[in-house]
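Peer 1: predicted coordinates and the sequence they were generated for:
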Amino acid sequence: MLVNPTYGMINLKGRKKRLPGPLDSFSLLMHRGVNRLFYFNVLHVTLLTESSLNRNILANCPKDFRFTFLNTAEIIDYARDPSLDMDELFLNEAFLKGDRCYAALNGDDLASYGWYSNKPTLIENDLMITYDRKYIYMYKGFTREKYRGLRLHGIGKAKALVRFCGWGYGGIISYVEFTNFDSRKSVYRIGARRAGTLWIVKIGGRYFIHSSGECDRYRVSLKGVCSWICDQPDL
């Protein structure tokens, strides 16, 4: 049981996950069935802007948490805890790109974090996502289990949005897998809107990727790493 002055007593161990409805259940079964034959996934691209942001998220921010960007030394120190899922390989790549980590801290305890980049970023180890550089890309959102249920991910993303927009960015682009129903609900709750869809098929080691027309508006594309490297004139 976790005690929070804003939310009161929260029984995290007994918290029930939202059960998918009939249409979601059918989608999940279809997805699992297809993936027995070949890899298939659908990503919902989302965009959060200052104009779309649900400001109630910020108004309900727990008072005993501090939200801030972590510096390199702090990140390395926290990364010593393997439960926080920031291994050396990941950090080397993130630091090399200049990505930043925005975190929720409860005292000295790292409760939740998200990573933000303005450069092409790997997803699923062998796919590269690119986007219009006037937006910032959010990835690798994480909340420690004992703090789940406090909506720290959404609050952190909203607060990070305000900071990045203050530096001239137009908003935060991210994606959510179409079978991740809880995350889809969470991202739309804070005011993000759909900004396109990416369909991914992998057969015999080769990717077949299709993007919706709306992705073109934000220059969102997804390519295999080898194809992306071949497209870079300076590499």
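Peer 2: All right, it came through fine.
Peer 1: can you list the residue ranges for helices in this protein?
Peer 2: Along the chain, counting by DSSP state H, helices occupy 22-35, 56-59, 72-78, 88-97, 152-166, 181-189, 213-217, 225-230.
Peer 1: what's the closest of those to Ile200?
Peer 2: The closest of these to Ile200 is helix 22-35. By C-beta to C-beta, the value is 11.1 Å. The way it works is simple: take the backbone N, C-alpha and C, and place the C-beta from them, glycine included.
Peer 1: tell me the mean pLDDT over that closest one?
Peer 2: On average, the pLDDT along helix 22-35 is 66.
Peer 1: with stretch 60-77 instead?
Peer 2: Mean pLDDT, computed over stretch 60-77, is 94.
Peer 1: what is the end-to-end distance of stretch 97-116?
Peer 2: 10 Å (C-alpha to C-alpha, to the nearest Å).
Peer 1: go ahead and confirm Ala162 touches Glu50.
Peer 2: To be clear, residue 162 is Val; Ala isn't right here. Yes. Applying C-beta atoms under 8 Å as the test, Val162 and Glu50 come out as touching, 7.2 Å apart.
Peer 1: out of those two, which sits in the more crowded spot?
Peer 2: For Val162 versus Glu50, the count of surrounding residues by other C-beta atoms under 10 Å is larger for Glu50: 16 against 11.
Peer 1: ok, and the closest non-adjacent residue to that one?
Peer 2: Nearest residue to Glu50 in three dimensions, chain neighbours excluded: Cys165, at 5.0 Å (C-beta to C-beta, 6 or more residues apart in numbering).
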